[in-house]
Structures are given as C-alpha cells and as structure tokens.
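K.L.:
sequence? don't have it. structure:
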Ligand code: TRP
C-alpha cells in the first residue's frame, strides 16, 4: 500500500527523533521529575517510573506514531480516515478533537510558566542572583508572580515565539528549529553536568537520587510514577501523532520510540542529579524544596557559587529551550488541521490559534495576582483548573482511547504495513500490552487524578 496522500515528510532521519524528544523533554523533566523523585523514594521511584515507561509510555507512543504515519494527516483527519478505512465508528474521532483542544488549553498555561524561564534568564544574565538567600530568593519569585504586567509580557513573548516556529512551516519551522535547539539543549545539559561533577556535591546527589528508600514507596508514589511516565512523553493529545505524519516510512517505529523514551529519561535523570549536586553544595538551603526547587532554591545555589552567573544563565536558557520545543508540539495538531482541512496558510492558522491560547492564558497570568482568590473548579484557581482539566482528564482519556483504538479497532494490514521493520518479538508483546494493560493503567491514572475532586464533591 502506498501512503494515502501526498504530505510533507521530513527528509532527515534524525528529525523525527529530535522533534519527538523536543516535545517530550520539557518542564516535566527539569522542574517536576527531580523533586517528585526526591519526595517518592529516590531509586525505587525511578524503577517504578521505568516500568511504567515500558508498559504505558512505549506502547502508546508507538500507537500514536502509527496512526499519524498511516494516515499522513493531522490527528483530527487522521482519526477520521482510520475510522473509515477500518470500519470503526466515527465516534473515535473524538481522539483528534479532544487532543487539539487539550493542546490549546495546555499551551495557554504552559507559556505562563515557560515565560518565567525568560525572566530568570534575564535575572541570571544581569547578576541578580548574586548573594541571594532563601528569603531574598523567595521574595524575588513572589515579586514576579505579583507583577501582572511583567507576567503578561513574558506570556505574550513565549506565545509569539511558539507561533513564529509554527508559522514558518513543517520543514523551515519545526524541522529546522529542532535541529539546532535540541543539540544546543544537550550541550548545555552536559556543561551543567560537568560543572556539577566538579564543583557540586555529586556523590551526595547520586546517593539522594538513587538510594532505595523503600519506606517512601506507597500506592501514591506508584501512581505518581505512572502519571508522570505518561505526561513526560507528551502522550494522549496527538502531539506525537502529528509529528508521526512527517516521519519517513522506512524508519522503525519501535526503535525510534525506545530512543525517544531513553533520551527523555536521561535528560530528567541528568538534570536531577546536577540540580541536587548544586543545591547540596550550597550551605543552609533545604533540599526537599518541592515545586519551588527550580525558581527559588536553585537561584540561591547559582548566586553563591563560582561562575554562578554563567551556569545560572546556561541552566535557564536550557529550560527555556526545553519548554519551547514542547510548546510548538502543543499547537501543531490544530495548525496542521486548519491548514490541511481548510487550506488556511500556516501563518494564518498559527496566529489564529496562538491568539486563542493567549486569551485563554490571561486567566492563568492573573490567577497568580489579581485573581488569586477567585475560585473556578472545586476551589481551584483558574491556573489549577486549566491544568486539572487538561492534564488529569483530557490527556489520560485521550491516551486510553488511543490504546483501545489501535489495540482493537485498527486493521491488521494497517499495523503490519507500518510495523514491517519491527522485530517479531516486539510485535508479539506490543499488541496484547496495548489491548489489555495500557488502557487499564491509564484508566487508573484517570481515576486517581479525579478522585480528590470526586471526594470533595460527594463526601465534603
Ligand atoms: N512532556 C512535556 C514535559 O515533560 C509536557 C507535555 C505533556 C506535553 N503533554 C504534552 C508537551 C503534549 C507537548 C505536548 O514537560
């Protein structure tokens, strides 16, 4: 069978790997992974996380790529087409629609946080971290959150950065940008690691990240590891499906996915070890700093070490790049849809969706200041409500539907055509996992995510 229609395909083999890794590596790896590992039992947590990557992450990522590449279209049209050719109900197209919508919602608040990294690049470069203490660093961060015009400015700039890459197109925008951003990100990470090994408390950090603290392992940490394995690979909303449409047919899906998962995990581990090495080397700051680790604790470390100005700048530029290559994949499904379905130019489509996400994001900007005591869903701020709807509901729901659709509905000939380069062992284990285990695991993530809210509504 030939591809169903003519479509842009990235010419260079590594492009898909760089783009998918770019989507996967983001704030989740550098900001979230280190502190949840510290809180949930170190090495034991890492092991559980790796197990979930194998059971949920790799099978579902393969399923997404397969759908995009088979149909050679954006996720909305791809699901519609695959429904038709495999005789499945049209209802499954909800995968594409919900995914594009989730992308817009996630983008709207992701650019707010990503905007903070721009502020921190500026602060690092202008030497604002010098001599910070725990309190002054907290004050600096609180000052940013309280300043709504500054927050708005960075949110706007990050949205513009995202729109620019998308408007440049699939080859000149997406492909060209990941080809320099991702290598640069890896180089910056290696500089950071090298510095942490020489100047930081490297061994203490390794012991902290990887020591087996069985007593910290609980059901809750297993669930945290499960949810994170799904989120960190950008699954459930069609970002990877959209990129799959540009992947050459001769590339092995299984091998590619394993490489992407490996790179994503490596970045998280290396960033975590380096961050803790620097934090441990700074006397007088608490390590179990939770979500404040990156924006409060780490600047104190940068402000009190030799070459802190350079290393601090390297660090925040790296986080900014990681976030940037993620935001472009959040908007790609929608942009490709408007472009392929209605013939809207890439520029028009990216600007239109960028404006919508920007508007949706205004509430997230204000929820840290003017709207800080306004409640939306069940006592949550606007920002937390958006995060909750997209991350805890739409993504797992989408992921579950993708696993069920590819596992049960897609015709064998579609699968075999896309998977002709895989080893037969992989194929033998992949489909049963996708049919039986992944959907159940993702359902558990979904229930776990909405359980606290259900309890609030029905019990309290
Ligand atoms: N994987 C990204 C991170 O770790 C976050 C993310 C989740 C995402 N789902 C996504 C990014 C979909 C792009 C597209 O930060």
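P.N.:
It's in. Being a predicted model, the structure only gives us computed values, none of them experimental.
K.L.:
need the residues of the chain near the ligand, please.
P.N.:
For the chain, the residues in contact with the ligand (Cβ under 6 Å from any ligand atom) are 23-24, 26-29, 231-232, 234, 237, 239, 326, 329-330. No exception for glycine: its C-beta is placed from N, CA and C like everyone else's.
K.L.:
Which of the residues you listed fall in helices?
P.N.:
Among the residues of the chain next to the ligand, the members falling in helices (DSSP state H) are 23-24, 27, 231-232, 239, 326, 329-330.
K.L.:
Need the residues you listed in TSV (columns: neighbour count, pLDDT and distance to residue 456).
P.N.:
Written out in TSV, the entries for these read as follows (neighbours: other Cβ atoms under 10 Å; pLDDT from 0 to 100; distance: Cβ to Cβ, whole Å):
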residue	neighbour count	pLDDT	distance to residue 456
23	25	97	33
24	29	97	32
27	19	94	27
231	21	92	22
232	24	95	27
239	30	97	31
326	24	97	30
329	27	97	33
330	30	97	29
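K.L.:
Which one of those is nearest to residue 284?
P.N.:
residue 27 (26.9 Å; Cβ to Cβ).
K.L.:
just checking, that closest one touches residue 112?
P.N.:
No - counting by Cβ atoms under 8 Å, residue 27 stays clear of residue 112, with 10.9 Å between them.
K.L.:
just the helices in the stretch 1-150 of the chain please.
P.N.:
If DSSP state H, counting those that start in this stretch is used as the criterion, the helices of the stretch 1-150 of the chain fall at 13-24, 27, 33-39, 43-52, 58-71, 75-86, 94-125, 134-146, 148-167.
K.L.:
Tell me the residue of the stretch 301-450 of the chain that sits nearest the ligand?
P.N.:
Nearest to the ligand, among the residues of the stretch 301-450 of the chain, is residue 326, at 4.0 Å (Cβ to the nearest ligand atom).
K.L.:
Might you report the residue contacts of the nearest residue to that residue once chain neighbours are set aside?
P.N.:
In space, and not counting its chain neighbours, residue 326 is closest to residue 26: 3.6 Å by Cβ to Cβ, 6 or more residues apart in numbering. With contact taken as Cβ atoms under 8 Å, 6 or more residues apart in numbering, residue 26 is in contact with 110, 232, 234, 322-323, 325-326.
K.L.:
Buried ones only from these, please, as a PyMOL command.
P.N.:
Provided next is the PyMOL selection string for whichever of these are buried by 16 or more other Cβ atoms under 10 Å:
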select buried, resi 110+232+234+322+323+325+326
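K.L.:
still on that earlier bit, which of the helices of the stretch 1-150 of the chain sits most buried?
P.N.:
Counting by mean count of other Cβ atoms under 10 Å, helix 58-71 has the highest mean neighbour count of those, with a mean of 27.
K.L.:
From the contact counts, what lies against that one?
P.N.:
helix 75-86, helix 239-244, helix 253-280, helix 395-404, helix 412-418, helix 438-458 (3 or more Cβ pairs under 8 Å, 6 or more residues apart in numbering; DSSP states H and E).
K.L.:
Just say which of these is most tucked in.
P.N.:
Looking across the helices and strands packed on helix 58-71 with neighbours counted as mean count of other Cβ under 10 Å, the highest average goes to helix 239-244: a mean of 31.
K.L.:
What are the contacting residues of that one?
P.N.:
Outside helix 239-244, the residues that touch it by Cβ under 8 Å, 6+ apart are 16, 19-20, 23, 61, 64-69, 74-75, 78, 99, 103, 174, 233-234, 329-330, 332-333, 336, 402.
K.L.:
Any stretches of the stretch 151-300 of the chain with poor pLDDT?
P.N.:
Within the stretch 151-300 of the chain, the ranges that satisfy pLDDT under 70 run 286-290.
K.L.:
one step back: distance to residue 57 for the helices and strands packed on helix 58-71 - can I get that in CSV?
P.N.:
Putting the helices and strands packed on helix 58-71 into CSV (distance: least, Cβ to Cβ, whole Å) gives the following:
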stretch, distance to residue 57
helix 75-86, 18
helix 239-244, 11
helix 253-280, 6
helix 395-404, 10
helix 412-418, 19
helix 438-458, 9
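K.L.:
Quick one, which of those helices gets closest to residue 360.
P.N.:
Evaluated over these, closeness to residue 360 peaks at helix 395-404, with 16.7 Å, by Cβ to Cβ.
K.L.:
orientation of the closest one relative to helix 94-125 in degrees?
P.N.:
Our comparison of helix 395-404 with helix 94-125, counting by axes from the mean of the first three to the mean of the last three Cα atoms, to 10 degrees, yields an angle of 130 degrees.
K.L.:
Centre of the chain to helix 395-404, how far?
P.N.:
Relative to the centre of its chain, helix 395-404 is centred 16 Å away, using Cα atoms, centre = their mean, to the nearest Å.
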